[in-house]
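In: Sequence first, predicted model second:
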Amino acid sequence: MATAQRGAERTARAAAPNDAETRLDGFIAKFSTEHQRVIRAVRKALRRRFKGAYELAYDNYNFFVIGYSPTARPSDAIVSMACGSNGVGLCFIHGAKLPDPYGILQGAGKQTRFLRLETASVLANPKVEALIAEAVARAKRPMPANGRGTLIIRSVSAKQRPRRSSSA
């Protein structure tokens, strides 16, 4: 009996979603279908743009975030995708210091600025691409040009705000 129980426990552990991609899919599944599509499309575009970057994922109280960094250190991140029940945004970690000749960045904090992303196609806008290129150029550490990148689940909050709006 004890042997059967140990075997069942091992099987349950093996089937547990401890793989980073599986866990990430679970975080995304909390959102509305529309936001899930945008999140996946934006992630795909950012992974294509930052091939060798570390993806640092956080499923925090307020937001689900994936930061893109040349190292595994969150302080080296250049941009991040922040997702909440009201939509998806692209955050420029040091956006307050970025030149914004078109006035497209939002926010008034001392460090971060952001753009709302209705679709991933916003990332292809030349004005947005210029902001991303400038953020990369100003980064303390260079972003790897090649490679596959690494997904790291940094933190998960036990208590979270709803990921779907009340009207969804």
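Out: That came through, no problem. Residues are numbered from 1 along each chain as shown.

In: State the phi and psi torsions of F92.
Out: phi -100, psi 110 (degrees, to the nearest 10).

In: Would you confirm that it contacts A130?
Out: No: taking contacts as CB atoms under 8 Å, F92 lies outside contact range of A130: 11.9 Å. Yep, even glycine has a C-beta here, placed from its N, CA and C like the rest.

In: of the two, who's got more company?
Out: F92 (24 against 16; other CB atoms under 10 Å).

In: and that one, what does it touch?
Out: Residues near F92 by CB atoms under 8 Å, 6 or more residues apart in numbering: 78-79, 98, 105, 112-114, 131, 135.

In: Apart from its chain neighbours, what residue comes closest to D76?
Out: Leaving aside its sequence neighbours, D76 sits nearest to S69 (CB to CB, 6 or more residues apart in numbering; 4.7 Å).

In: That neighbour - how many residues pack around it?
Out: S69, neighbours per other CB under 10 Å, totals 25.

In: Phi first, then psi, for it.
Out: phi -140, psi 150.

In: Next up, the contacts around it.
Out: By CB under 8 Å, 6+ apart, the contact set of S69 is 53-54, 56, 76-78.

In: Which of these sits closest to N146?
Out: Closest to N146 out of the contacts of S69 is A53 (10.8 Å), distances taken as CB to CB.

In: tell me which element I153 is part of?
Out: strand 150-156 (DSSP states H and E).

In: next SSE after the lowest-mean-pLDDT helix or strand in the chain?
Out: Ranked by mean pLDDT, DSSP states H and E, the weakest helix or strand in the chain is helix 2-15, scoring a mean of 45. Using DSSP H and E, the helix or strand that follows helix 2-15 in sequence is helix 20-28.

In: List the buried residues in that following helix.
Out: The neighbour-count check on helix 20-28 (16 or more other CB atoms under 10 Å) flags 23-24, 27-28 as buried.

In: Distance check, the residue nearest in space to the middle of the chain against P99.
Out: By CA atoms, centre = their mean, the mean C-alpha position of the chain lies nearest to I66, the distance being 1.8 Å. According to CB to CB, to the nearest Å, I66 and P99 sit 25 Å apart.

In: and if you look at V128?
Out: On the measure of CB to CB, V128 and P99 end up 14 Å apart.

In: shared neighbours of those two, which are they?
Out: By CB under 8 Å, 6+ apart, no residue touches both V128 and P99.
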